[in-house]
Structures are given as C-alpha cells and as structure tokens.
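Q: What follows is a protein structure lacking sequence information:
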DNA sequence: CTTGAACCTCTAGCGACTAGAGCTTTTAGA
DNA sequence: TCTAAAAGCTCTAGTCGCTAGAGGTTCAAG
C-alpha cells in the first residue's frame, strides 16, 4: 500500500491533483489508515497514469471518466472508445487550424512592420482593422 | 452617444463583456446618464474592436492593456509593439507544435484500432502506456 | 521523546468570460 | 398619459483543471 506522496511520485501526478481527482469522482475514494491518511494499491498507479496520459492528450476529465467506465465493460465493442478518440482528434485538428490562421495573420502583421514610430506602426494599424481580417473568435492560446 | 447595447452591436462585444472590460481596467469607466446608464462615444467602438481583434489573435487582456498604453506614446519606436507581436507568434507556434504532436499520437492510436472488444482495444492499451509516449504536459485543447 | 516531513480539510485564486437574480430606467405603442 | 416590455443596473456564482495557502494532525527517523 502506498501513501498519497508515494503514489504521486509513482504516477507523476501531484498530491493535490490526486485529491482533486478523488473529489470530482475521477478516481474512487481511497481507503484510509487509522490516522485518516489515504492508502493506495499498485493498481491505482496505473489508473492515475492512464488519466495523466489522457489529460496530456487533451481529453477532458469528463471524457476520461467515460473512457474509464468503458474499460469496465470488456465484452463491449470498442466502437465507443474509437468515437471518443476520433472526436478528440477532430477537436485537436480544429484547434490547429485556428491557430495556424492566427499565426498567419500575426506573421503578416509583423512582416509589414517598418520599425518606425508608434504613430505609423503597421501592427497597431492592423489590429484596428478587424473588418479586413478573418473573423476568428476570442481564443486562448 | 451610444448605450451599452448599441456599442455592443457596433463593436461585436457582448454587453456583459464590455462591463467586464471596464471592471478589469481594459477600457475606462464610461460616463453615465442621470439614470446611471453607461454612455459611449464613437471612439470607444474602435477601442473595443481593437480589443476584440487582439483577443481573437490570442493576446491576453494584460498584453492588450500594454498595447493600448503603447498606442498613447505615438512618438516612441514601435519596437515594443513588434516584440509583443513576435512573442505572441512564438506562443501560437509553440502551441501548434504541441497540438500537432498530440494529433500524431491520437492518429497512431486510432489507426491501430482493430474494432474488436474493449478488452483488446488498442486505444485504451495505448493510453495505459504513458512510458512509451512523448511526455507532454496536461493540455487544454 | 522530539522534531520535521508528510498528511489532513477547507477556502480562495487563476483567466476570460457567462449566466442569473432581483432591481431600476428607458422607450414605444395604445 | 399610462403601461408593458425591453434594456439597463449591481452583485454573485459558475465554468475548467488545477494550484496554493492556512491551520491543523499524524507519522517516522534519530
């Protein structure tokens, strides 16, 4: 059995993050020692690594919950899993397209900069001309 | 003079968002009518459009604040603006690289799927093998 | 037996909004 | 002129996935 600190090291998740995952129901509540400290089994390391890997691929915690539920139905077809992965890929690809469009616009703005003074700055001018640009939505990079 | 609803339409920002921008100091507090309603000038439309365009390019509100401050120093060199834009471009490009790496891994996982049952699902298996993958950080897509 | 590391819970903060409750003001039509 | 609806107001809380800190308890090593 492992304490939360040990399993944090073993899984690569932070202690706080593991407690957070328990709180949102992504992992089951751990058993406790007499002194109320969490105790984990080796199998929990695997589960946390799974979560970490899925998170690193951009899956939301809700989606990961779905994936973990599906894992418990080993006789089912994996079509659902396949769909989730494809949706995630589509999401990532869509995001790449958006960002490429941003990069293009930024590059074009920067290339026009003649390094003069602020009054003649092409970058600021370009930022004032929203009409002429593709109408992207506000976007966190 | 425009009410907040009018300027929202004119600028493409939402009413709530405009009040939020005032709150965080991105735009100056608007003058008010006797009945305490905000009043805007035409110039404010331009400022909001500028903000919207910059946000759509992924600039943070803090960075936009800097850009707007720079605009008031029209005699200065635009080197600072240029730097901000280049940093933003670097940020976007870095993000694209990350996402491309994710997309690649997702594609590889999906291509291995033999559409059998969950017990043999290559996608789930791949998610369990964090060791063998590039160690990306958790990432919001 | 002491000390300090690791654990516990609970709360608040991040960023950039968004949504809703509960109120007041304005505007348009009868 | 009256009334009803639309639009405005403030304030609070929620989103997502953590992260950090306060203030307390438990455990392990020396």
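A: Okay, I see it. As the structure is a prediction and not an experimental result, all values here were calculated from the model.
Q: from here on, contacts and neighbour counts on C-alpha atoms
A: Fine.
Q: So which residues of chain A form strands?
A: Counting by DSSP state E, chain A has these strands, from start to end: A:31-32, A:38-39.
Q: which stretches of chain A aren't confidently modelled?
A: A:131-136 (pLDDT under 70).
Q: Distance check, the residue nearest in space to the middle of chain A against residue B:5.
A: For chain A, residue A:58 is the residue whose C-alpha lies nearest the centre (C-alpha atoms, centre = their mean; 3.3 Å). According to C-alpha to C-alpha, to the nearest Å, residue A:58 and residue B:5 sit 37 Å apart.
Q: beta partners of residue A:38?
A: Beta-bridge pairing for residue A:38 (DSSP bridges): residue A:32.
Q: Which residues are in contact with it?
A: By C-alpha atoms under 8 Å, 6 or more residues apart in numbering or on different chains, residue A:38 lies in contact with A:3, A:4, A:30, A:31, A:32.
Q: And for residue A:13?
A: Residue A:13 touches A:48, A:49, A:52, counting by C-alpha under 8 Å, 6+ apart.
Q: Residue B:114: which of the contacts of residue A:38 is nearest?
A: residue A:30 (34.8 Å; C-alpha to C-alpha).
Q: and the closest one, how many neighbours does it have?
A: 16 (other C-alpha atoms under 10 Å in any protein chain shown).
Q: Taking their axis directions, the lengthiest helix in chain A and helix B:79-111 sit at what angle?
A: In terms of residue count, the longest helix belonging to chain A (DSSP state H) is helix A:79-111. Per axes from the mean of the first three to the mean of the last three C-alpha atoms, to 10 degrees, the angle that helix A:79-111 makes with helix B:79-111 is 160 degrees.
Q: can helix A:79-111 be found next to chain B?
A: Yes - Helix A:79-111 lies within reach of chain B by C-alpha under 8 Å from any C-alpha of the partner chain, at A:79, A:81-82, A:85-86, A:89, A:91-93, A:95-96, A:99-100, A:102-103, A:106-107, A:110.
Q: Just the helices from chain A, written as ranges.
A: Under DSSP H, chain A gives helices at A:4-11, A:15-23, A:42-56, A:61-71, A:79-111, A:122-128.
Q: Please name the residues that touch the residue of chain A found nearest DNA strand C.
A: Using C-alpha to the nearest atom of the strand, the single residue of chain A nearest to DNA strand C is residue A:5, 3.0 Å away. Counting by C-alpha under 8 Å, 6+ apart, residue A:5 makes contact with residue A:15.
Q: how close does residue A:140 sit to DNA strand D?
A: Computed as C-alpha to the nearest atom of the strand, to the nearest Å, the residue A:140 to DNA strand D distance reads 11 Å.
Q: again with residue A:1
A: Residue A:1 is 10 Å from DNA strand D, by C-alpha to the nearest atom of the strand.
Q: neighbours of that residue, just the number please.
A: For residue A:1, the neighbour count with other C-alpha under 10 Å is 11.
Q: cool, and residue A:122?
A: Neighbours of residue A:122 (other C-alpha under 10 Å): 23.
Q: Ignoring the adjacent residues along the chain, who's closest to it?
A: residue A:113 (5.3 Å; C-alpha to C-alpha, 6 or more residues apart in numbering or on different chains).
Q: about what we covered before: so the residue nearest to the centre of chain A sits right up against residue B:137, yeah?
A: No - assessed by C-alpha atoms under 8 Å, residue A:58 is found out of contact with residue B:137, at 9.3 Å.
Q: Of the strands of chain A, flag the one that's most buried.
A: The highest average neighbour count among the strands of chain A, using mean count of other C-alpha atoms under 10 Å in any protein chain shown, belongs to strand A:38-39 at a mean of 18.
Q: what sits against residue A:89?
A: B:103, B:106, B:107.
Q: tell me which parts of chain A are close to DNA strand C?
A: A:3, A:4, A:5, A:6, A:15, A:19, A:36, A:37, A:38, A:138, A:140 (C-alpha under 7 Å from any atom of the strand).
Q: Pretty sure the fifth one sits against residue A:4.
A: The reference is to residue A:15. Yes - counting by C-alpha under 8 Å, residue A:15 touches residue A:4, with 6.3 Å between them.
Q: of these two, who's got more company?
A: The residue with more neighbours, out of residue A:15 and residue A:4 and counting by other C-alpha under 10 Å, is residue A:4; that gives 20 against 16.
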